[in-house]
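Visitor: Here is my input; please provide its structure:
(2 chains)
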Amino acid sequence: MNKYKNITLNGLIFQNPTFMLVLGTCPTLGLISSASSAAGMGLTVVVILTLSNVFISLLKNLIPNEVRIPCYIVVIATLVTFARMVLEKFVPDLYDSLGGFLALIVVNCIILGRAEAFANKHTVLESAVDGLANGFGFTAALTVMGIVCEFLGKGSVFGLQIMKFKIGIFASPAGSFLIFGISIALFVYILNLFEQHKRVKVNRLARENLLNTEAA
Amino acid sequence: MGTMIAIILAGVFTNNFITVKTYGICPFLGVSKKTSSAAGMGIAVTIVMVLATLVTYPVYRYVMVPLKFDFLEIIFFIFIIASLVQMLEMIIRKLSPALYNSMGIYLPLITTNCAVLGVTELVIGDMSQFLAGASMNVGWAVLYSLFAGLGFTLIMILMSGMRERLNYYKTPKALAGFPTAMVTASLICMAFMVFTYIQL
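Guide: You can find the predicted model right below:
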């Protein structure tokens, strides 16, 4: 059970694909000016990433090592083609707002990265958990930045008008770059603080233990 | 003539791949620390973009659409791009080892570059806003991909110049690396926002 907890925490926080590894930046920067398209992109990636991890983990003994990357790309491209058809038929609004970035999921480094770094070495269940964790790490990052960016750029959140103001720059890629940069810095800063705090606590415990043993 | 100017302006300035469409950000952030490598990457991406469009556009328009399997375009395009990159790598290694040493290391990375798949997907979509009334054909598609690639190269070189200067300044620990690069990129985008007001 501890193993799955580690995989989940790594995907969500310690190796968060967006903030820590800075992968899949094109859709992130292109879509965070609207919270709903950012969240939609995230959820699409969750489905594709989990399925691709599962399929590649199932096929890992069949795929020859020399041509593994083209094989992974075929699996991913097939899944993306399916996702595109499903979205076009059932969620046409999301299909329109994702635009070209839907086809570009094929070359999203997160999916190929997880296939190469995780799914081809682990069991099906572990790969599925890893896909879900990384996908939701990506979705959470995109949604948070999307909410901030949309609020500053249009005064609305998920399309609901909250305040009547807008700062035009945040509705354009310039603002997306700015928000993304500041978010990475904040995330790293908070994680560092948390780790320092943990280290201080560990140090204090160690010292107390030492004092106790010396006293004894 | 008017169409040609409109396509050139759209590719380089008003619809720049990095500052407006945010395609190809991975090499933009990853390979922009030195001007020489940024220029090499930019030129390599431009060449692959032009060759990929030259192959995928006719294949899509004259083979896939008449035979009604255009829904498989993603799989076909990524395969064409991957084999093209592999072939280009072999040819360059055979013909010019010096060029291979300076540019070849970027070639395998280009397969998974959004800019290449992005341009091949863009030219088969609705391009009417750039065409100024002319009808779409292979020539316009290749011209658009060439100038989109040159626009990409331009931003790569600008960014690498700024990052080379930034090396001399102290940045806070949390801001070092990617965050600084993103803020720099944001400033470049703001400068390029001026061009989005041009009406073609």
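Visitor: make it CA atoms for all contacts and neighbour counts henceforth
Guide: Will do.
Visitor: ok now the top helix by length along chain B, how far from the chain's centre?
Guide: Longest helix of chain B, by residue count under DSSP state H: helix B:138-166. With CA atoms, centre = their mean, to the nearest Å as the basis, helix B:138-166 stands 7 Å off its chain's centre.
Visitor: Check which helices and strands it sits against.
Guide: Applying 3 or more CA pairs under 8 Å, 6 or more residues apart in numbering or on different chains; DSSP states H and E, we find helix B:138-166 packed against helix B:2-9, helix B:35-58, helix B:178-193.
Visitor: change it to 10 Å
Guide: Contacts defined by 3 or more CA pairs under 10 Å, 6 or more residues apart in numbering or on different chains; DSSP states H and E place helix B:138-166 against helix B:2-9, helix B:25-30, helix B:35-58, helix B:114-124, helix B:128-131, helix B:178-193.
Visitor: Run through the neighbouring helices and strands of the third one.
Guide: Contact here means 3+ CA pairs under 10 Å, 6+ apart; on that basis helix B:35-58 packs against helix B:25-30, helix B:73-95, helix B:97-103, helix B:107-110, helix B:114-124, helix B:138-166.
Visitor: quick revisit: between the helices and strands packed on helix B:138-166, which one is closest to residue A:21.
Guide: Residue A:21 lies closest to helix B:178-193 among those, at 10.0 Å (CA to CA).
Visitor: was I right about residue A:77 contacting residue B:76?
Guide: Yes. Using CA atoms under 10 Å, residue A:77 is in contact with residue B:76, at 9.1 Å.
Visitor: gap between residue B:169 and residue B:102?
Guide: Counting by CA to CA, to the nearest Å, the gap from residue B:169 to residue B:102 is 29 Å.
Visitor: Which one's more surrounded, these two?
Guide: A count of neighbours by other CA atoms under 10 Å in any protein chain shown puts residue B:102 above the other of residue B:169 and residue B:102, at 13 against 6.
Visitor: if I look at the more buried one, how far off is chain A?
Guide: 24 Å (CA to the nearest CA, to the nearest Å).
Visitor: same question, residue B:16
Guide: 11 Å.
Visitor: which ones are touching the closest residue to residue A:60 other than its chain neighbours?
Guide: The shortest distance from residue A:60 to any non-neighbouring residue, by CA to CA, 6 or more residues apart in numbering or on different chains, is to residue A:120 (5.3 Å). Residues in contact with residue A:120, defined by CA atoms under 10 Å, 6 or more residues apart in numbering or on different chains, are A:53-61, A:63, A:68, A:72, A:114, A:127.
Visitor: again with residue B:49
Guide: B:43, B:81, B:110, B:115-120, B:142, B:144-149 are the contacts of residue B:49 under CA under 10 Å, 6+ apart.
Visitor: Sounds good, over and out.
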